[in-house]
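>>> Return a 3D structure for these sequence lines:
(4 chains)
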2 protein chains.
Amino acid sequence: MADVAQAAGVSHQTVSRVLNDHPNVKPATRERVLAAIRELGYRPNVAARALVTRRTRTLGVISFNTTLYGPASMLYGIEQAAKDLDYFVAVAALSALDRRSVLDAVERLRDQAVEGMIVIAPQNSAVNALSQVRSDIPLVAVGCGTHAALSSVAVDNEAGAERATSYLLDLGHRTVHHVAGPRSWLDAQEREAGWRRTLIARGAPVPEPIYGGDWSARSGFELGREIADRVRDEQDPVTAVFCANDHTALGLLRAVQQTGLKVPEELSIIGFDDIPEAEYFGPPLTTIRQDFDEVGRRALATVIDLVDNAAAGAPAPRQAPRVTVGPSLVVRASTAPPKA
Amino acid sequence: MADVAQAAGVSHQTVSRVLNDHPNVKPATRERVLAAIRELGYRPNVAARALVTRRTRTLGVISFNTTLYGPASMLYGIEQAAKDLDYFVAVAALSALDRRSVLDAVERLRDQAVEGMIVIAPQNSAVNALSQVRSDIPLVAVGCGTHAALSSVAVDNEAGAERATSYLLDLGHRTVHHVAGPRSWLDAQEREAGWRRTLIARGAPVPEPIYGGDWSARSGFELGREIADRVRDEQDPVTAVFCANDHTALGLLRAVQQTGLKVPEELSIIGFDDIPEAEYFGPPLTTIRQDFDEVGRRALATVIDLVDNAAAGAPAPRQAPRVTVGPSLVVRASTAPPKA
DNA sequence: CACCAAAATGTTTGCGCTATCAATTTCCCC
DNA sequence: GGGGAAATTGATAGCGCAAACATTTTGGTG
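Take a look at the predicted model:
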């Protein structure tokens, strides 16, 4: 910086002012400084700046499994939004979901001096751990349910589940069965709740949810074998299934077809997420679309709000902000009216 | 830090020594300092440390589309490995793949003072842009082909393609058609090259590759309609197809089945990647597995090597290190001998 | 028990930057 | 053209830490 100052014939302080867009710099001087900066290929030292301003312009993202489509998309949305606002993103992947691992990740990011964090770990254990973080720094949870005592941004799972269930009911199915996600995940709980609520509201029988799903195609496949038998039940046949997510639906689809059943003629299946491949399943999957990107962007906007507020010396908001993003129904070919 | 020093009754320098594991500290003193640190909840200021040591222990990852399974998995592998080595990971997502966007991302990370970078952007344009980066900081490209003049870690695409092609040939197919990936991607080029080489080596006819794939299921589906017609060709029927990746294979599968063709009886299909869902396609997909996680880990190890070397004052290695990870064949149900 | 080397600790300095305050220049109006 | 406010620039201090050197303590030896 001293070199730049010398080259431009000003003091280093003036260089600093140019860098920080201070108002009172004569345009000619600014030009000269800018030229010197370009000339010398100077780039400010973030560490020194952070040291004195006490701001790092870095945000942390904690994610459980960035390999899943949802978290990956959210991370992407977050990064895009951060770039626009000139923030950096540091990631911390969780290897396990116990309290310790979550707290570790938080610590790691705090050591890194991030100004805010976004947590993508929609599970009970994570949320519990999180609520114990006596953190001085803003933290936003993503997809952590609308009930947690945290700032959060989430897709409205209940509304999505309701839309899926209603759609099948509208098609003429007597009731809708539900392959639930892992009970430890809030998303799974909320989807189950939405499904149940809709059934009750519409006066349809409420069958026992089918547990054992873990979001994977594998679990859907395993559960699918039992379900196939129940489709053939003369007394009380299963005719429509709402799966907790698309991967599970894929596994289920496969298991059921393997036993010779036709989808959607003999069994309607609806998923949740709308992963890119869903359109090319056989048959293409009817599902509920979540706009993960948007969730990511909103989450980022929320932290930044919190961060800016905190930076301005404002106290934490009286109430944790909460944002939900609406899901939408995508009708494709895995659903149909029941056989007569 | 001063507070800690006072609480422990030592100078701040001794605290610093404890923090940095310097040898000459009396165990009793170390204990006292550690206790004071815990007591006060002290955490060192990374900015100040970075300022004086000129090291940030931060690595940058540039990725094109973290939403795809491959990049997402690699990012995950990288983060895991980084954590173990006590490095931080900052990500920069690319919105487009032009030169400018790549260079921007590099600049952004440099401003952030990362010590090394990993680029996940296996396309010609990205590689070209990258080779122009007159970077003083270590840079490793992931999956950027074995030909680029960059340090790189990659899956051995040619070997994978060879394995896939040979397998189909061994099954008795006269030749193997190839639905290629986007020509601008190195992976696609290498897979095509491996396929061609194998055909030639085995004395099989080399049909024109089928272009137009963009890794997506959608493109596979569109291409699949034409391919279905060619399967029915009496003169010169297509009997086996090697797809550039699993998603494309999924689309192809779907298109072909829609025209009433049976897989694998009438057409064998093999993919590349082994995404988690591949096992649950209808039929389960035979494919080539890539160990993305491992690639990520190796990439990280490679940058760290470079970084440590640079930190130790060693010059850049005379030759860019290059690592390849071997793919493996996973046989499932989408492949069979040709009809008699 | 004196003496010296090695171990342990303390003091000072500066990393590159921004904030604060002081000094200088510019501009406007009478 | 003089005066004063506003705009512009400069000088100095310190953010929190580790490196380099200075100092004190410890331990072993003759």
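
>>> Give me the distance between stretch A:113-130 and the centre of its chain.
Chain-centre distance of stretch A:113-130: 12 Å, with C-alpha atoms, centre = their mean, to the nearest Å.

>>> Check whether that stretch comes near chain B.
Yes - residues of stretch A:113-130 contacting chain B under C-beta under 8 Å from any C-beta of the partner chain: A:Ala113. Bear in mind the C-beta positions are built from the backbone N, C-alpha and C, glycine included.

>>> List the buried residues in that stretch.
Residues of stretch A:113-130 classed as buried: A:113-127, A:129-130 (neighbour count, 16 or more other C-beta atoms under 10 Å in any protein chain shown).

>>> Could you tell me the end-to-end distance of that stretch?
With C-alpha to C-alpha, to the nearest Å as the measure, stretch A:113-130 spans 18 Å from end to end.

>>> average pLDDT for it?
Averaged across stretch A:113-130, the pLDDT comes to 86.

>>> same deal with stretch A:74-84?
92.

>>> Tell me which residues are up against it.
If you take C-beta atoms under 8 Å, 6 or more residues apart in numbering or on different chains as the criterion, stretch A:74-84 is touched by A:59, A:61, A:63, A:66, A:88-89, A:91, A:118, A:120, A:142-143, A:292-297, A:299-301, B:65-67, B:91-93, B:95, B:108.

>>> So which residues of chain A form strands?
Assigned by DSSP state E, chain A shows strands spanning A:58-63, A:88-93, A:116-120, A:139-142, A:151-155, A:177-179, A:240-243, A:268-270, A:287-289, A:322-325, A:328-330.

>>> what's the fourth one packed up against?
Right, the one you point to is strand A:139-142. When contacts are defined as 3 or more C-beta pairs under 8 Å, 6 or more residues apart in numbering or on different chains; DSSP states H and E, strand A:139-142 packs onto strand A:116-120, helix A:124-132, strand A:151-155, helix A:292-311.

>>> B:Arg332 is nearest to which of these?
Nearest to B:Arg332, of all the helices and strands packed on strand A:139-142, is helix A:292-311, at 29.3 Å by C-beta to C-beta.

>>> Taking strand A:88-93 as reference, get the angle to the closest one.
Per axes from the mean of the first three to the mean of the last three C-alpha atoms, to 10 degrees, the angle that helix A:292-311 makes with strand A:88-93 is 110 degrees.

>>> roughly how far is helix A:292-311 from the heart of the chain?
13 Å.

>>> And for stretch A:280-292?
17 Å.

>>> repeat for stretch A:331-340
30 Å.

>>> and it with chain B, contact?
No - using C-beta under 8 Å from any C-beta, stretch A:331-340 never reaches chain B; the gap is at least 10.4 Å.

>>> Can you give me the buried ones in that stretch?
Under the neighbour-count criterion of 16+ other C-beta under 10 Å, stretch A:331-340 has A:332, A:334-336, A:338 buried.

>>> sorry, back to before: closest to DNA strand D out of the strands of chain A?
Among the strands of chain A, strand A:58-63 comes nearest to DNA strand D, with 16.5 Å by C-beta to the nearest atom of the strand.

>>> The closest one pairs with which strands, parallel or anti?
Note on strand A:58-63: by DSSP bridges, its sheet partners are strand A:88-93 (parallel), strand A:116-120 (parallel).

>>> what's around A:Ile275, how many residues?
Counted with other C-beta atoms under 10 Å in any protein chain shown, the neighbours of A:Ile275 add up to 26.

>>> for it, what are its contacts?
By C-beta under 8 Å, 6+ apart, the residues touching A:Ile275 are A:69, A:246-247.

>>> Which of these fall in helices?
Secondary structure defined by DSSP state H assigns A:69, A:246-247 of the contacts of A:Ile275 to helices.

>>> among those residues, which one has the lowest pLDDT?
Across the set of the ones in helices among the contacts of A:Ile275, A:Tyr69 stands lowest in pLDDT, at 85.

>>> OK, contacts around it?
By C-beta under 8 Å, 6+ apart, the neighbours of A:Tyr69 are A:273, A:275-276, A:292, B:67.

>>> Those in helices, which ones?
Mapping the contacts of A:Tyr69 onto helices (DSSP H) picks out A:Phe292.

>>> among the contacts of A:Tyr69, who's most crowded?
Ranking these using other C-beta under 10 Å puts A:Asp273 first, with 28 neighbours.

>>> Mind listing the residues bridging to that one?
In this entry, A:Asp273 is beta-bridged to A:Arg289, by DSSP bridges.

>>> Could you check how far it is from DNA strand D?
Separation of A:Asp273 from DNA strand D (C-beta to the nearest atom of the strand, to the nearest Å) stands at 44 Å.

>>> ok, that residue to A:Pro209 distance?
For A:Asp273, the distance to A:Pro209 equals 18 Å [C-beta to C-beta, to the nearest Å].

>>> just to revisit the earlier point, let's see the ChimeraX selection covering just the buried ones among the contacts of stretch A:74-84.
Buried residues within these, by 16+ other C-beta under 10 Å, are selected in ChimeraX with:
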select /A:59,61,63,66,88,89,91,118,120,142,143,292,293,294,295,296,297,299,300,301 /B:65,66,67,91,92,93,108
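
>>> And the strands paired with strand A:58-63: which comes nearest B:Leu306?
strand A:88-93 (20.6 Å).

>>> Run through who's touching the lowest-mean-pLDDT helix or strand in chain A.
Counting by mean pLDDT, DSSP states H and E, chain A has its least confident helix or strand at helix A:124-132, which shows a mean of 80. If you take C-beta under 8 Å, 6+ apart as the criterion, helix A:124-132 is touched by A:64, A:94, A:97-99, A:102-103, A:106, A:119, A:121, A:139, A:141, A:144-145, A:148-150, A:184-186.

>>> Between strand A:116-120 and that helix, find me the angle.
Going by the same axes, to 10 degrees, helix A:124-132 makes 160 degrees with strand A:116-120.

>>> Next, the angle from helix A:124-132 to strand A:151-155.
If you take the same axes, to 10 degrees, helix A:124-132 sits at 150 degrees to strand A:151-155.

>>> need the residues of chain A near DNA strand D, please.
Residues of chain A lying close to DNA strand D by C-beta under 7 Å from any atom of the strand are A:9-14, A:17, A:23-26, A:28-29, A:48, A:51-52.

>>> buried subset of those residues?
Among those, those that count as buried by neighbour count (16+ other C-beta under 10 Å) are A:10, A:14, A:17, A:25, A:29, A:51.

>>> Report the two of those residues separated the most.
The widest separation within those (C-beta to C-beta) is 26.3 Å, between A:Thr29 and A:Leu51.

>>> And the helices in the stretch 101-250 of chain A?
A:124-132, A:157-170, A:186-201, A:217-231, A:246-258 (DSSP state H, counting those that start in this stretch).

>>> And the longest one, what does it pack against?
Read it as helix A:186-201. Helix A:186-201 packs on helix A:157-170, strand A:177-179, going by 3+ C-beta pairs under 8 Å, 6+ apart.

>>> Which residues of chain A lie near DNA strand C?
By C-beta under 7 Å from any atom of the strand, the residues of chain A that approach DNA strand C are A:1-2, A:12-13, A:15-16, A:19-20, A:44-45, A:48-49, A:51-53.

>>> restrict those residues to contacts with chain B.
Residues of the residues of chain A next to DNA strand C in contact with chain B (C-beta under 8 Å from any C-beta): A:44-45, A:48, A:51.

>>> Show me which of those is closest to DNA strand D.
Out of these, the member with the shortest distance to DNA strand D (by C-beta to the nearest atom of the strand) is A:Leu51, at 4.1 Å.

>>> who's in contact with that closest one?
B:45, B:47-48, B:51.

>>> Can you give the contact residues for stretch A:196-208?
Applying C-beta under 8 Å, 6+ apart, the set of residues contacting stretch A:196-208 from outside is A:158, A:161-162, A:165-166, A:169, A:174-178, A:209.
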